[in-house]
Each structure stands twice: as C-alpha cells, then as structure tokens.
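J.: Here is a sequence with its predicted model. Questions after.
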Amino acid sequence: MTDQIKGLRLDRRGFMGATTLGTGAALLGMSGAALAQGTPARRPSGAPQVDFPDDPRAFGGGPASARNRTEMDQRDCEVEGDWPVDLDGVFYRVGPDPQYPKPEAYVGDIPFDGEGHVSMFRIQNGHVDYRTRYARNARFVAQAEARRSLFGMYRNPFTDDPSVAGLNRGTANTQLFLHHGKLLVFKEDSPPVYMDPLTLETIDPEYTFGGRLDSQTHTAHPKIDPATGGLIGYGYESTGLLSKDINVYEADRSGNIFWSVNVAAPYAGMMHDFCVTQDYIVLYLTNMVADEARIRAGGVHFSYDSSAPCYLGVMRRGGDGRDLKWFTGPNLFCTHVMGGWNEGTKITIDWDGGEGNQFPFFPSLHEPFDPVKGTGYLRRFTVDVGSRTNDRFQSETIFPELQGVLSRQDDRFHTLPYRWGFLQVTGPNGGWGIIDHQEKTTRIASVPGYSLSEMTFVPRRPDAAEGDGYLIGLGSSTAEAGRSDLILFDLADIAGGPRARVKMPYRCVGQVHGFWANAADIPGAASGTGAA
C-alpha cells in the first residue's frame, strides 16, 4: 500500500458508526480512484460463499466491524446518568449496511451504495429499547432470494445483473421522517420505503402517497411546515436516469398530495437538499454533474465539475412553476440546509458547504481532490427575487470559527426564521456545534474518548420553546473498539457534559442521518412501553 493510500484510509465503520466527518466531509480512503492505486486481494474461485474483501478500501471491506448485517432487538438497554423520565418517543437512524459483497468488478463502489439498515431507540418512562431492521425494498428482496449482490456501481443501472433489469434499485439508506403516522425512509434516487414506526416491518417498499407522487425519485431531505403540518418534497432526475426534470410537491398532514409541479434544471446534477420558506421553494444545483460517459463506462453516477456553475432556483409555493428563476453565484459545494426563511421577496438560507468537492469518492474532472477546499463552513445565501434585473445570489461565511458538516435545526422551525442551529464540527476539537444566531455565539458539546455521529434535536416537551431540549446521537468509544453509547446532552447545561447515556454492548449499526419523533405522533406508541 502506498503512503498516499495509507494517508487516505478510513474504514467504513469509522465513517458510518460515529464520526466527526459525516456525509458532507472528506470521506477519505473509500474512493474508486484510491482503490485503483492498490489491488485488493482476489476472492478465491469455487463455492459462492459470502466473502467480504479484507481490504478496507473495497466496498464493505475491512474487519468484521465494517459491516453489521444483523437485525437486533434489545429490551431495556443499560441506562446511565439522569435520563429524563418524561421523554417519550423514538430516535430513528438509518445508514448503508452492505447486504452482500460486490462482484470483483465493482469492489471500487462507494460506501453509500449499501442497503438501508434502520435502527430505533424507543424511549419511555426512563426505559430504552433498541431494534434494527433492513428496509425490505425490491433491491433487498431480490438479493436475499439470489443470495448475492445483483446491483453494480452506485446509481448505475448499466452495471446491474440482467435478472434485475428495470427493478427499483433504491437502497433507502440516507434519511427517514415520521409523517402522517408512517415512517418514511429515503434515498434520493427512488420513492421512499414505508416502514411501521414501532416494529420496523416494511409495509410498502415503494410508497407513492396513494399513487399521487409524480416522480421516480424523492429527496432524502423533505421539510415539514410547522404552520400546516404538511410535508414538502421534491425529486430530481424525476423522469428517469440523467433527466433534467424536477418534481416538487406538497402533501397535507394526512399525506395527501394537493400540489405538484414539474420544472427543469439547467443540467442533470446533484440536488441533495433544498429550502422551503413560507412563500418559496428554493432548489440548489451543485456542480456534481450526472456524468453519462462515466456511467456508461461502468463508473459511479456523479463527477465533480468545477467549471460548471452552481445554481439557486427559486419559485413560489403553490404556483405552476413558470416563475422558476435560476440564479448563479459563488461555486459552493453546499449539501445540507440548517434553516431558511423569507421576508417579503428577500430569502435567506443557511447551509454547510465547502469551496470544492467534499466527496472524494466521486472523481474530480479538472483537478485533484483538495481537502482544504472541501472543508465545510456555514454559508449564508441571500437573494431578492423581487428584482427583475437581479440574476445572482449572494453568499457569506458565518461563524467561521466552526468547521463542519451535516447542519441541522430544531425541526419544528422549518420554513421560519430561526434562532438555534447545530453543526457536526470536524477537526481535533470536534463535536456537536451549537449556534445561537440571535446572540451570535457558538459552543461545542464533546465527549472525551468518543467520536460522535450526527446529532438530532429533541424538544424537552412537544410544545417547548425553540432550542429548549436535548441533543441526542451516537458516540463511538475509541478505547473500546468503537462500542456505542447513545448520548444525551441537555442544552441547558452543555458545560456539565452528557446528562445521560445508553451503554450498548456492541457497535450499533451506522447512520447517515437520524430523526426524532414524539410518541404522540406514532400510532400505537401509547399502548406499549417499547419496541422489543
């Protein structure tokens, strides 16, 4: 292994289990380009046994801890500290967990192509139960029946086994929301999977809101309007592979889609997150282009093109889409919205993002990957759509003392002006960054000896004031081979360290994102004490 490869190594569990790098950071060592510099050990011919590669650069490679593949139930987990006895709900998590090793031709696939493994911590009366299940969508079921991998490279149907031609190849591994009583699990290349929010049984492997979803794809980052309880979502490449089409919709609190519009992007590229305000839909097209030549040659779906402009697209909610206007601005690789709102025609959006490619496992077309340019900061975009002559959005870096990714907010304040934001802070002093936009202050919640995965805000009570509550998320003990704790910080006393933790006897399945749901919103939650 070359010195360069040694410097780039990061095993999948370090990425997925509990890391301060996160989705939008430089996930080093897992790229096909790096893999190509060294040849992983070839699998022996013979019986078709399940044999993951030892090379940590290969898909699902590395030690056994790099994969979970075990659906678990644990009743009454060990709880330490002052766990709030009135906290009643579920902390949901999801991430890729390879079901099978890839064929040798595709061992350079990226870690985001693993099948979606959902986990939940059911919390009630001071007790915590843990459960995990795979999302049993078409892809998972087909591979389970075949007892082998049938899907090739990330979002590349040309590399699939002929037996699954035309099958929905979504993995349901990126984010999940509880809405209209259903746990919806998302991957942005396919419709959501509907799972039972208490048992994690897969109810509908391709949920289309009663057939009203006019898109083959669905974002991993929908928004909930706190004023109406409705869900706003979109899908890019909505009419098929490499299309520029985007479908945007809004559903009421019961999941009935009442507004849907189809528009077009300037080019086919990554649109991972978006912003919704009370009056506007704001789309963002990063210059991670859908690379047809690379796809047809057997590669991954995206390539970073620094010469392509980034676009901010704005249109009015509830309209016919004809007013959609694409603004240009600084080429910033922004992936996750912290919050956004509008005051009349002036729109403000806060994102985390870097000045260059943040995903080194996707090739850069014009320059080598630069981790400095990929470093994430909080960027504030502003644009006034009331000016007929304006065709650019403005950007500034706010709170530059924090480097990070995976920005979040109190989810009850989507679409509205907000005060509190949270950021996965990277670097040697990493942890959970807490931003008070009103007072212009920042703090970091960290746990010595632990690396922390993405946090989620939990209200102290369903009607608590914004930011009054807890941060919850998984931590990985560096001294205990990555054993997991579910860690709870009380935002009223960050300096006091974690208020409580759930001590798991093993590494928990990894995650990309998580979501908190109050028990009152979960059908049947009041009738039982746990999931197990």
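T.: Thanks, I have it.

J.: Only C-alpha atoms from now on, for both contacts and neighbour counts.
T.: Will do.

J.: so after the lengthiest helix in the chain, what's the next helix or strand?
T.: If each helix of the chain is counted by residues according to DSSP state H, the longest one is helix 138-146. Next along the chain after helix 138-146, taking DSSP states H and E as the criterion, comes strand 175-179.

J.: could you pull out the strands for the stretch 301-450 of the chain?
T.: All strands of the stretch 301-450 of the chain, identified by DSSP state E, counting those that start in this stretch, fall at 302-304, 311-316, 325-328, 333-343, 346-354, 377-384, 394-398, 404-409, 420-425, 431-436, 441-445, 450-452.

J.: Would you format these as JSON lines with distance to Ala144, mean pLDDT and mean neighbour count included?
T.: Shown next, in JSON lines, are those (distance: least, CA to CA, whole Å; pLDDT from 0 to 100; neighbours: other CA atoms under 10 Å):
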{"stretch": "strand 302-304", "distance to Ala144": "28", "mean pLDDT": "97", "mean neighbour count": "26"}
{"stretch": "strand 311-316", "distance to Ala144": "41", "mean pLDDT": "98", "mean neighbour count": "21"}
{"stretch": "strand 325-328", "distance to Ala144": "44", "mean pLDDT": "97", "mean neighbour count": "17"}
{"stretch": "strand 333-343", "distance to Ala144": "33", "mean pLDDT": "98", "mean neighbour count": "24"}
{"stretch": "strand 346-354", "distance to Ala144": "38", "mean pLDDT": "98", "mean neighbour count": "24"}
{"stretch": "strand 377-384", "distance to Ala144": "41", "mean pLDDT": "98", "mean neighbour count": "21"}
{"stretch": "strand 394-398", "distance to Ala144": "47", "mean pLDDT": "98", "mean neighbour count": "15"}
{"stretch": "strand 404-409", "distance to Ala144": "32", "mean pLDDT": "97", "mean neighbour count": "27"}
{"stretch": "strand 420-425", "distance to Ala144": "35", "mean pLDDT": "98", "mean neighbour count": "25"}
{"stretch": "strand 431-436", "distance to Ala144": "38", "mean pLDDT": "98", "mean neighbour count": "23"}
{"stretch": "strand 441-445", "distance to Ala144": "41", "mean pLDDT": "97", "mean neighbour count": "16"}
{"stretch": "strand 450-452", "distance to Ala144": "32", "mean pLDDT": "95", "mean neighbour count": "25"}
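
J.: Go ahead and confirm Ser395 touches Arg379.
T.: Yes. Using CA atoms under 8 Å, Ser395 is in contact with Arg379, at 6.5 Å.

J.: separation between the closest residue to Gly421 other than its chain neighbours and Ala265?
T.: Distance criterion CA to CA, 6 or more residues apart in numbering; nearest residue to Gly421, sequence neighbours excluded, is Gln409 at 4.6 Å. According to CA to CA, to the nearest Å, Gln409 stands 27 Å off from Ala265.

J.: try Gly430
T.: 36 Å.

J.: repeat for Leu471
T.: Going from Leu471 to Ala265 by CA to CA gives 36 Å.

J.: Backbone torsions only: list them for Pro65.
T.: Actually, residue 65 is Ser. It isn't Pro. Main-chain torsions, Ser65, degrees, to the nearest 10: phi -70, psi -10.

J.: For it, report the pLDDT, please.
T.: On pLDDT, Ser65 comes in at 74.

J.: Count the neighbours of it for me.
T.: 19 (other CA atoms under 10 Å).

J.: my guess is Gln394 contacts Leu332, does it?
T.: No. Using CA under 8 Å, Gln394 makes no contact with Leu332, being 11.3 Å away.

J.: For beta bridges, what are the partners of Gln175?
T.: Beta-bridge partners for Gln175, by DSSP bridges, are Phe186.

J.: show me what contacts it?
T.: By CA atoms under 8 Å, 6 or more residues apart in numbering, the residues touching Gln175 are 93-95, 185-187, 220-221, 512-515.

J.: repeat that with 7 Å
T.: Counting by CA atoms under 7 Å, 6 or more residues apart in numbering, Gln175 touches 94, 185-186, 220, 512-514.

J.: Distance of it relative to Asp273?
T.: Gln175 is 11 Å from Asp273, by CA to CA.

J.: same question, Arg408
T.: Using CA to CA, Arg408 is found at 12 Å from Asp273.

J.: Kindly report the same for Gly170.
T.: Counting by CA to CA, the gap from Gly170 to Asp273 is 18 Å.

J.: Run through who's touching stretch 67-77.
T.: Under CA under 7 Å, 6+ apart, the answer for stretch 67-77 is 60, 97-99, 127-133, 502, 504, 509, 532.

J.: Count the neighbours of the residue lying closest to Pro505 once chain neighbours are set aside for me.
T.: Closest residue in space to Pro505, ignoring its immediate chain neighbours: Arg483 at 6.7 Å, by CA to CA, 6+ apart. Neighbour count for Arg483, taken as other CA under 10 Å: 19.

J.: and the closest residue to Ala135 other than its chain neighbours, what is it in contact with?
T.: Leaving aside its sequence neighbours, Ala135 sits nearest to Gly116 (CA to CA, 6+ apart; 5.7 Å). By CA under 7 Å, 6+ apart, the contact set of Gly116 is 94-97, 134-135, 171-173.

J.: Highest neighbour count among these?
T.: Counting neighbours by other CA under 10 Å, the top entry in the contacts of Gly116 is Ala172, with 35 neighbours.

J.: Got phi/psi on Ala495?
T.: Phi and psi for Ala495, reported as degrees, to the nearest 10, are phi -60, psi -20.

J.: and it, how many residues sit next to it?
T.: Neighbour tally, Ala495, other CA under 10 Å: 13.
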